[in-house]
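K.L.:
no sequence on this one, just coordinates:
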DNA sequence: TTGCTTGCAAAGGATTTGCAACATG
DNA sequence: CATGTTGCAAATCCTTTGCAAGCAA
């Protein structure tokens, strides 16, 4: 699966006359290995652990490329920084976000997905994508809250 | 309605030992008058048309106050800039956004709202708020697309 | 008066870009 | 070898902050 994602990315690069480099391979591998919603800085740290010479600009440039290649997805939890999650092998999903501890859960509800389509077509829109983030308290934080 | 919103804001200010000033009154009125999702800069322009001496920092500071007072709501359509819509007299709603022309529509679907609660409680979360933005093509842009 | 407010400019934080040196196909 | 690529630092963009002067209560 990891090798395959790399294959997809190389094909993407080839199609645009771009090249695979050791920095790109390292960043891609690091990105795929880590789960969750990481910031550019977190990814840069992970990459630097393997090769301290990689600069942050390269990480930003790769993030943009991976987004174009369809391997990364940008999310925004209202913190004023971009976060990325990998799309490869991850189906579409929405987020449940704890306002206290920041933990997130990926969720999907077919019923909601269906109603979104209906809602859009009611207004004559054709839907391309959507984002839905639900904010609240996770079970653990609700417990602490009561004490 | 406008006068009333001003009343709400003055009460909010009073409760915090803050003062009403002519800049604040002007920014509030300009904010309420304009519909849609405006950026800080757009609001600043509107305000400057009435009083060119108002600085952008004051607009940013007011936006934060209006948010605290519950009169403004920050939204983010992924452009890297904050947009604000007024909450006063506007019930909760989600957005339908045209990817081509940028037009937005405010929508609500009770069915979706209900399923969101169910989805959250299925994971033990208590819900505080949510945001849902649907991206696609509006009826006008779909027509143009076909030609 | 007291101390909240303002405008300005400087500071900040995240992300982008120019450039000379370097590596890939 | 011709071009893409890199790291660095400088530059941007949006937003926040420090400060001296100004104004509301």
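P.N.:
Ah, there it is. As the structure is a computational prediction, the values presented were derived from the model and not from experiment.
K.L.:
what residue lies at the spatial centre of chain A?
P.N.:
Centroid check for chain A by Cα atoms, centre = their mean gives residue A:85 as the closest residue, at 1.7 Å.
K.L.:
Now for it: which residues touch it?
P.N.:
Taking Cβ atoms under 8 Å, 6 or more residues apart in numbering or on different chains, we find residue A:85 in contact with A:36, A:37, A:38, A:72, A:73, A:75. For the C-beta atoms, the positions are set from N, CA and C on the backbone; glycine is no exception.
K.L.:
try it again with 7 Å
P.N.:
Residues near residue A:85 by Cβ atoms under 7 Å, 6 or more residues apart in numbering or on different chains: A:37, A:73, A:75.
K.L.:
got the contact list for the first one?
P.N.:
In other words, residue A:37. By Cβ under 7 Å, 6+ apart, residue A:37 lies in contact with A:75, A:83, A:84, A:85, A:104.
K.L.:
From chain B, how far off is the residue nearest to the centre of chain A?
P.N.:
Residue A:85 sits 15 Å away from chain B, going by Cβ to the nearest Cβ, to the nearest Å.
K.L.:
can you check residue A:38 too?
P.N.:
The separation that residue A:38 has from chain B, given Cβ to the nearest Cβ, amounts to 18 Å.
K.L.:
same deal with residue A:51?
P.N.:
Residue A:51 is 29 Å from chain B, by Cβ to the nearest Cβ.
K.L.:
picking that back up, quick check: strands, which of the contacts of residue A:37 are part of them?
P.N.:
In strands, judged by DSSP state E, the following of the contacts of residue A:37 are found: A:75, A:83, A:84, A:85, A:104.
K.L.:
Just among the contacts of residue A:37, which is most surrounded?
P.N.:
residue A:84 (22 neighbours; other Cβ atoms under 10 Å in any protein chain shown).
K.L.:
How about the residues of chain A by DNA strand C?
P.N.:
A:19-22, A:39-41, A:56-57, A:60-61, A:63-64, A:80-82 (Cβ under 7 Å from any atom of the strand).
K.L.:
at 6 Å instead, please
P.N.:
By the rule Cβ under 6 Å from any atom of the strand, the part of chain A lying against DNA strand C is A:19, A:20, A:21, A:22, A:40, A:57, A:60, A:61, A:64, A:80, A:81, A:82.
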